[in-house]
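Trainee: Coordinates for the following, if possible.
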Amino acid sequence: MRIIDGLDELTAAVGADLGATDWVDVDQSSIDRFCDAAGDATFFAVALTNGLMPQLLDVRGVAMGVNYGTNRIALGAPVTAGSRVRAAAVIAACEQVKGGVQATVRITVEVDGRDEPACVVEALSRYVA
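Mentor: Residues are numbered from 1 along each chain as shown. Coordinates of the predicted model:
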């Protein structure tokens, strides 16, 4: 996990490789629960990024950080039951916004044994001083 202290350090970290999370086993019940909630399994891999992101980046010394959405999403082959997945990320950009910084983190969900990622997501987070 990369720990960043404050908005200046976050802005200076553009281009930083955040490494990868631990591998997570995907079982059928996880996929089923997502389908029950979302009505479709298409974005299951994208939803995994919300749970894996906190293992990659911790921005401290700010008043608040919020998930601001996504910029772009590229979907690969679906994640199937019995797969192992992990997320790897890079801080792709930071821009000044009123009261803080908006960070774009490019998250790639990798599937063990597969060359093509399950998805690549440009996650947007806003951090307020």
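
Trainee: Regarding the residue nearest to residue 34 when sequence neighbours are not counted, what are the backbone dihedral angles?
Mentor: Excluding the flanking residues, the one nearest residue 34 by Cβ to Cβ, 6 or more residues apart in numbering is residue 44, at 5.0 Å. C-beta here means a position set from N, CA and C on the backbone, and glycine is covered the same way. Dihedral pair for residue 44: phi -60, psi -50, per degrees, to the nearest 10.

Trainee: Could you tell me the per-residue confidence at residue 44?
Mentor: On the pLDDT scale, residue 44 is placed at 95.

Trainee: Mind jotting down where the helices sit in this structure?
Mentor: Ranges of helices in the chain, per DSSP state H, are 6-12, 28-38, 44-52.

Trainee: Quick one: distance of the strand ranked longest in the chain to the chain centre.
Mentor: Longest strand in the chain by number of residues (criterion: DSSP state E): strand 84-97. In terms of Cα atoms, centre = their mean, to the nearest Å, the centre of strand 84-97 is set 6 Å apart from its chain centre.

Trainee: can you check stretch 26-45 too?
Mentor: 17 Å.

Trainee: Please enumerate residues in contact with it?
Mentor: If you take Cβ atoms under 8 Å, 6 or more residues apart in numbering as the criterion, stretch 26-45 is touched by 47, 73, 75-76, 78-85, 109, 118-119.

Trainee: From the residues you listed, pick the one nearest residue 91.
Mentor: residue 109 (17.0 Å; Cβ to Cβ).
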